[in-house]
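Participant: Just the structure for this:
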Amino acid sequence: MTALFGQKWTSAYGLADRNGEWQRTLNGLHPPQLEIGLNRVRLAGGEWPPTAPEFRKLCLPLPEELGLPTLAKAWQEANEYSRAIQSPRLEPPSGVSRRA
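Facilitator: As a prediction, this is how the structure comes out:
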């Protein structure tokens with residue numbers, strides 16, 4: 001972060017995590033996640049560095065970055081599926097009796 005923000009970073013946080021706040025906040029994140037966060041900070045082009053909690057949020061991949069649908073799309077698909085299985089027009093797969 002010092003390379004990205006220079007004096008703004010060192011005046012806010014120093015050269016080391018003296019009180020351990022950043023370490024506690026980022027605990028449990030893996031190196032690829034930290035890289036995601038750093039890339040997002042670079043791309044944002046912000047004038048000031050993020051706080052530790054803000055940076056942690058930036059490190060978490062979005063569902064679509066993992067090949068998953070967005071929350072809105074997942075909700076839509078779940079509702080469509082729910083309506084589809086309640087529809088009496090559905091036919092059971094071949095070889096399966098309609099009787100339960």
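
Participant: got a list of what Pro61 touches?
Facilitator: Gln33, Ile36 (C-beta atoms under 8 Å, 6 or more residues apart in numbering). No exception for glycine: its C-beta is placed from N, CA and C like everyone else's.

Participant: same check, this time on Pro53
Facilitator: Thr25.

Participant: And it, how far from Arg83?
Facilitator: As judged by C-beta to C-beta, to the nearest Å, Pro53 and Arg83 stand 39 Å apart.

Participant: any idea how far the lowest-mean-pLDDT helix or strand in the chain is from the chain center?
Facilitator: When the helices and strands of the chain are scored by mean pLDDT, DSSP states H and E, helix 71-86 comes last with a mean of 80. For helix 71-86, the separation from the chain centroid amounts to 22 Å (computed by C-alpha atoms, centre = their mean, to the nearest Å).

Participant: One more: stretch 17-32?
Facilitator: On C-alpha atoms, centre = their mean, the centre of stretch 17-32 falls 17 Å from that of its chain.

Participant: Report how far apart the opening and closing residues of that stretch are.
Facilitator: For stretch 17-32, the first-to-last residue distance is 21 Å (C-alpha to C-alpha, to the nearest Å).
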